[in-house]
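1. 3D, please:
(4 chains)
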There are 2 protein chains.
Amino acid sequence: MLSESVKDCIRALIFLALNQDHQYISVKEISERLNLPFHFLAKNIQRLVKSGILASYRGPKGGIVFKKPIKDIKIIDIIKSLDDDKLFNSCILGFEECSDEKPCAIHHRWVIERERLYTLFNTSLAEIVKNIKFGKIKNIKL
Amino acid sequence: MLSESVKDCIRALIFLALNQDHQYISVKEISERLNLPFHFLAKNIQRLVKSGILASYRGPKGGIVFKKPIKDIKIIDIIKSLDDDKLFNSCILGFEECSDEKPCAIHHRWVIERERLYTLFNTSLAEIVKNIKFGKIKNIKL
DNA sequence: ACATTTTAAGATAAAATTATCTTAAATTTG
DNA sequence: CAAATTTAAGATAATTTTATCTTAAAATGT
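-> Model prediction:
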């Protein structure tokens, strides 16, 4: 459902959101702390810089930082930047046009689910951080 | 979410379920009626034969037929035969082990959705056919 | 200026998915 | 038996996704 690129970056940005006290955090550090392949992550992070979610600075002490407050950055934004959000507004059987008026055999049930999925991924990083920091759950995997 | 193979085959088997009056239906006919690529469909149908969902017979008047009553054939069976059902029982962020005890950052919300998706795809062909034939909706795309 | 660190960019490659084609085998019909 | 039809099987190819590597550019600190 989510590509490797998206999964890596969601993990990376949650980590970044949890460590915003430092000024910049290098991709190298993130890749090491989260055990993600450096070159692959770096390439995907670049795309998030281009799409306006992150800013980056080179050189020693350089790294990446959020370009907007994390309450305005949602998981779906990462998905849109790296994959696309077709899944959340198109037919599960692949019909180009599939609607309430001219549905496929499972359209009506699928519409409910795809909207729920969109809602799930419409969560902001701020909400996730809040759940982790102030939620009852411990032992969060990052 | 679903591969092209699975999408084609779901459509093919719904069509087959709606046309069970004929003895056998050829893959050729299905591919033409549903506008699906013949060679690709034929290959995927073969895999459903091997997995025990369909039986096939060669020669003129040959074709395919269900090997069990359609109330016992579920969409998830097609998915399992051609792709796999990992999506419905694994972590959305790709962690090998992710559980209630040691969850990822969105585990608790994802578990609800993946179970709903499983339920959706746990629908039998018989139920789908019933909805199409006796449901209020017309204009079903096949 | 120089060495070091870090992102940027693009080339390259490996793997998985999707798609097509060809030949063989089985069955039916005449 | 011969011709036509249809699935079976496997080779091949195209495309997309995933992953790695190399070189360049920018910034820092000495």
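
2. ok, now which ones touch residue A:88?
-> Contacts for residue A:88 (CB atoms under 8 Å, 6 or more residues apart in numbering or on different chains) come out as A:76, A:114-115, A:117-118, A:121. Quick note: C-beta positions are derived from backbone N, CA and C, even for glycine.

3. same question, residue A:127
-> When contacts are counted by CB under 8 Å, 6+ apart, residue A:127 touches residue A:71.

4. Does it belong to a helix, a strand or coil?
-> Secondary structure state of residue A:127, per DSSP: H, G, I helix; E, B strand; the rest coil, is helix.

5. quick one: it and residue A:39, what's the gap?
-> 31 Å (CB to CB, to the nearest Å).

6. Residues of chain A that sit close to DNA strand C?
-> A:26-28, A:39, A:42-43, A:45-46, A:49-50, A:56-64 (CB under 7 Å from any atom of the strand).

7. Can you narrow the residues you listed down to the ones near DNA strand D?
-> Okay, of those touching DNA strand D (CB under 7 Å from any atom of the strand), that's A:39, A:43, A:57-62.

8. Restricted to strands, list the residues you listed.
-> In strands, defined here by DSSP state E, the members of these are residue A:57.

9. distance between the ends of stretch A:95-112?
-> 17 Å (CA to CA, to the nearest Å).

10. Sort out for me which of the ones next to DNA strand D among the residues of chain A next to DNA strand C are in helices.
-> A:39, A:43 (DSSP state H).

11. Go through the ones next to DNA strand D among the residues of chain A next to DNA strand C and say which is closest to DNA strand D.
-> residue A:59 (2.8 Å; CB to the nearest atom of the strand).

12. how close does that closest one sit to residue A:24?
-> Here residue A:59 is placed at a distance of 10 Å from residue A:24 (CB to CB).

13. now swap in residue A:8 and tell me
-> Residue A:8 is 19 Å from residue A:24, by CB to CB.

14. ok, the two, which is more surrounded?
-> residue A:8 (24 against 15; other CB atoms under 10 Å in any protein chain shown).

15. Which element is encountered next along the chain beyond the helix or strand that contains that one?
-> According to DSSP states H and E, residue A:8 maps onto helix A:4-18. Proceeding N to C from helix A:4-18, the next assigned helix or strand is helix A:27-34, under DSSP H and E.

16. which bits of chain A sit near chain B?
-> Residues of chain A lying close to chain B by CB under 8 Å from any CB of the partner chain are A:1-2, A:4, A:7, A:10-11, A:14, A:75, A:87, A:92-95, A:98, A:101-106, A:108-110, A:113, A:116-117, A:120, A:123, A:128, A:131-132, A:137, A:139-142.

17. Can you flag the buried ones in these?
-> A:2, A:7, A:10-11, A:14, A:75, A:87, A:92-93, A:95, A:98, A:103-106, A:109-110, A:113, A:116-117, A:120, A:123, A:128, A:131-132, A:140-142 (16 or more other CB atoms under 10 Å in any protein chain shown).

18. Among the residues you listed, which are located in helices?
-> Going by DSSP H, the helices hold A:7, A:10-11, A:14, A:75, A:109-110, A:113, A:116-117, A:120, A:128, A:131-132 from these.
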